[in-house]
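1. Compute the structure for the input listed below.
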Amino acid sequence: MLTVFGAMAYIDRSGRSDTFEAGSAPEFVVVLGAQVQGDQPSLTLKKRLDLALSYLNDHPQAKVIVIEQGVDENRVIQEDQAHDTRENLEYSRVLAEQHGMDTASVLIITSDFHLCRAKYLARKLGMEPYGLASQTWPEILRVNYLLREVFAFIKAAM
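-> Just a heads-up that it's a prediction; the model follows:
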């Protein structure tokens with residue numbers, strides 16, 4: 001049991017956003033998917049998209065896989081085949097390469113509880129990952145998501 005709590009703490013600490021020096025952020029940006037309710041994004045996905053929009057407004061050279069909120073469509077590439085995080089990263093890399101982007105490094109925009117595993121999977125796929133983490137809300141759900149991530153991480157490592 002102590003090991004599970006230790007893993008949760010590690011995932012929590014690893015789910016913090018990276019910082020970038022001017023001009024050093026990757027051009028390849030992936031917003032990882034989350035649940036959609038009807039034709040509306042879930043709160044989790046909305047938080048990820050809002051963070052991505054803010055990043056894109058601050059980095060006009062960046063192109064992104066999966067976001068549309070008023071961003072020039074020439075900067076948006078939609079990946080709609082993935083069923084999990086690994087596939088999302090893998091398919092996004094293929095799309096990015098088809099559009100001439102350097103995929104040696106990737107900026108992953110996802111939820112704080114999800115960032116640790118997403119970066120791990122990107123490394124397994126041969127990319128140098130960086131991350132921006134949206135906050136979980138309501139905060140009480142964070143414990144549930146962190147516990148779920150422990151088991152998802154074990155599955156990813158196999």
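
2. When you work out contacts or count neighbours from here on, use the C-alpha atoms and nothing else.
-> OK.

3. low-confidence ranges in the protein?
-> Applying pLDDT under 70 to the chain picks out residues 1-2, 22, 68-69.

4. any chance you could map the strands in it?
-> Using DSSP state E, the strands of the chain run over residues 28-31, 36-37, 40-41, 63-65, 76-77, 105-111, 128-134.

5. In its sheet, which strands sit next to the third one, and in what direction?
-> The reference is to strand 40-41. Partners of strand 40-41 in the sheet, by DSSP bridges, are strand 36-37 (antiparallel).

6. For the partner strand, what is the distance to the chain centroid?
-> Averaging C-alpha positions (C-alpha atoms, centre = their mean, to the nearest Å) puts strand 36-37 18 Å from its chain's average.

7. what about stretch 15-32, how long is it end to end?
-> From the first residue to the last, stretch 15-32 extends over 14 Å; the measure is C-alpha to C-alpha, to the nearest Å.

8. what does stretch 44-55 rub up against?
-> Stretch 44-55 has contacts (C-alpha atoms under 8 Å, 6 or more residues apart in numbering) with 31-36, 67, 69, 71, 109-111, 132-137.
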